[in-house]
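A.B. asks: how would this look folded up:
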Amino acid sequence: MITVADYERAELDFDLREMKRGWRIHAAVYAVVMTGLTVLNLLLVSQTEADFLWFFFPLVGWGIGLTMHYLAVTRWGARDIGRRQASIEREAESAGTVI
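C.D. replies: Numbering: from 1, shown residues only. Prediction:
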């Protein structure tokens, strides 16, 4: 039989693994899309009369979002999960459920 503390630790570990997996997927999509946009922009500049390099705008913009996602997972993930667990415990206690 597991204790509540064991369950909370297992849930925390599971949620953190899922959050890290989500970030890795986000980073992979970012890398693929940014590579495509960079190649497209460079090809357009070299093959047409276009001379504006715009690929760094989405690179930086999305990069900021990716950085925030990374920080949310690595810096604030455990804290947010702990807050959620505490909120669930308070709700269960107010409903009269034994934990």
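
A.B. asks: Name the residues of the helix or strand harbouring V73 that are buried.
C.D. replies: Here V73 sits within helix 56-74, counting by DSSP states H and E. Using 16 or more other Cβ atoms under 10 Å as the test for burial, helix 56-74 gives 59, 62, 66, 69, 73. In short, each C-beta sits where N, CA and C put it, glycine included.

A.B. asks: same question, stretch 11-21
C.D. replies: For stretch 11-21, using 16+ other Cβ under 10 Å, the buried residues are 12, 15, 19.

A.B. asks: picking up where we left off before, need the buried residues of helix 56-74 in CSV (columns: pLDDT and distance to M1).
C.D. replies: Listed next are the buried residues of helix 56-74 as CSV, based on pLDDT from 0 to 100; distance: Cβ to Cβ, whole Å:
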residue, pLDDT, distance to M1
L59, 97, 52
W62, 98, 47
L66, 98, 42
H69, 97, 37
V73, 94, 32
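
A.B. asks: got a list of contacts for stretch 44-55?
C.D. replies: Residues from elsewhere that reach stretch 44-55 (Cβ atoms under 8 Å, 6 or more residues apart in numbering): 34, 37-38, 40-42.

A.B. asks: What residues does P58 make contact with?
C.D. replies: 33-34, 37.

A.B. asks: if we go to 6 Å?
C.D. replies: By Cβ atoms under 6 Å, 6 or more residues apart in numbering, P58 lies in contact with L37.

A.B. asks: when you give positions from now on, start the count at 6
C.D. replies: Let's use 6 as the start, then, which means that last one is P63.

A.B. asks: roughly how far apart are V34 and S92?
C.D. replies: For V34, the distance to S92 equals 31 Å [Cβ to Cβ, to the nearest Å].

A.B. asks: typo on my end, it should be A36
C.D. replies: Distance from A36 to S92, by Cβ to Cβ: 36 Å.

A.B. asks: Could you list the buried residues of the helix or strand bottoming out on mean pLDDT in the chain?
C.D. replies: When the helices and strands of the chain are scored by mean pLDDT, DSSP states H and E, helix 82-99 comes last with a mean of 88. Buried residues in helix 82-99, defined by neighbour count with 16+ other Cβ under 10 Å: 82, 86, 90.
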